[in-house]
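Novice: Here is my input, please return the structure:
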Amino acid sequence: MDYYWELIQQDGTRIEIPPEHIEIVKRRWNNGEPIHMNMQSIPANQIKTLYRTDKPYTATPLLEAVAHAFNEPVITEAGDIQARWVKKTVPSRMHAKKYNTPAYKVLEEGGGVVTVAYRVPVHLIDTNSMQYCEVDEINRLTRMH
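Specialist: Numbers count the residues shown, from 1 in each chain. The predicted model follows:
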C-alpha cells in the first residue's frame, strides 16, 4: 500500500505529496534544486523535512471523485449503481455485533481485530473511514461468491 508524503517548509507550511511524485521531490531536494508545484516553486533550502505519513493513498478515478463530491451515484451501462470493494479493520467484538452478516466478508482476523470487506457505491466511499481493497484482495473476494 502507498501512503502520502508530507513536505514541511521552514515557515511551517505543509504540502501533501502523492507517492508517485516522491522520487522526483527527493532527487531535486538532494541536488539542491527547487521543487516545482502547481502553484509555486519551493527552493531546496526552504524545505525543513519530508516524511511518509500514515494516510493511505488511493488514486481515485476522476468520475468517482466527482460523484463523491456531489453525492451522485455513478450509473453503469447496465443501469446499476457502480460500487467498489472496500475494507475496514474493526475490533472482534464489533465484528460479532455489527459486521457478522453475509454483506461483509472476512479478509483477515487475529490479535483481537477483524478486517472486513464489503461493496459500497462509489459516491458513498469515505476514505477516512475505509480503504479501497487491493487487486489481490478483490480476486480473493470474488472467488468467495
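Novice: Quick one: low-confidence residue ranges for this protein.
Specialist: 1, 38, 58-62, 144-145 (pLDDT under 70).
Novice: Strands of that one, start to end?
Specialist: 3-9, 14-17, 35-36, 41-42, 47-56, 83-91, 105-110, 113-121, 131-132 (DSSP state E).
Novice: Let's have the ones you listed in CSV, adding distance to Thr142.
Specialist: (C-beta placed from N, C-alpha, C; glycine too.) Converted to CSV, the strands of the chain look like this (distance: least, Cβ to Cβ, whole Å):
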stretch, distance to Thr142
strand 3-9, 26
strand 14-17, 33
strand 35-36, 41
strand 41-42, 44
strand 47-56, 22
strand 83-91, 8
strand 105-110, 10
strand 113-121, 11
strand 131-132, 15
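Novice: For Thr76, find the nearest of those strands.
Specialist: Minimum separation from Thr76 across the strands of the chain (Cβ to Cβ) falls at strand 83-91, 9.5 Å.
Novice: Next, the angle strand 113-121 makes with the closest one.
Specialist: Inter-element angle recorded for strand 83-91 and strand 113-121: 160 degrees (by axes from the mean of the first three to the mean of the last three Cα atoms, to 10 degrees).
Novice: Report the distance from strand 83-91 to the chain centre.
Specialist: Distance of strand 83-91 from the chain centroid (Cα atoms, centre = their mean, to the nearest Å) equals 12 Å.
Novice: what does stretch 99-113 give?
Specialist: Centre-to-centre, stretch 99-113 and its host chain are 20 Å apart (Cα atoms, centre = their mean).
Novice: before we move on, back to that, closest to Ile75 out of the strands of the chain?
Specialist: For Ile75, the closest of those is strand 113-121, at 10.2 Å, according to Cβ to Cβ.
Novice: Can you give the contact residues for that closest one?
Specialist: 73-74, 81-92, 95, 99, 103-109, 130, 133, 137, 141 (Cβ atoms under 8 Å, 6 or more residues apart in numbering).
Novice: can you redo the strands of the chain as TSV with distance to Arg27 and mean neighbour count?
Specialist: Shown next, in TSV, are those (distance: least, Cβ to Cβ, whole Å; neighbours: other Cβ atoms under 10 Å):
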stretch	distance to Arg27	mean neighbour count
strand 3-9	13	16
strand 14-17	13	14
strand 35-36	10	17
strand 41-42	14	14
strand 47-56	12	12
strand 83-91	33	17
strand 105-110	36	14
strand 113-121	35	18
strand 131-132	29	19
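Novice: Okay then, goodbye and thanks.
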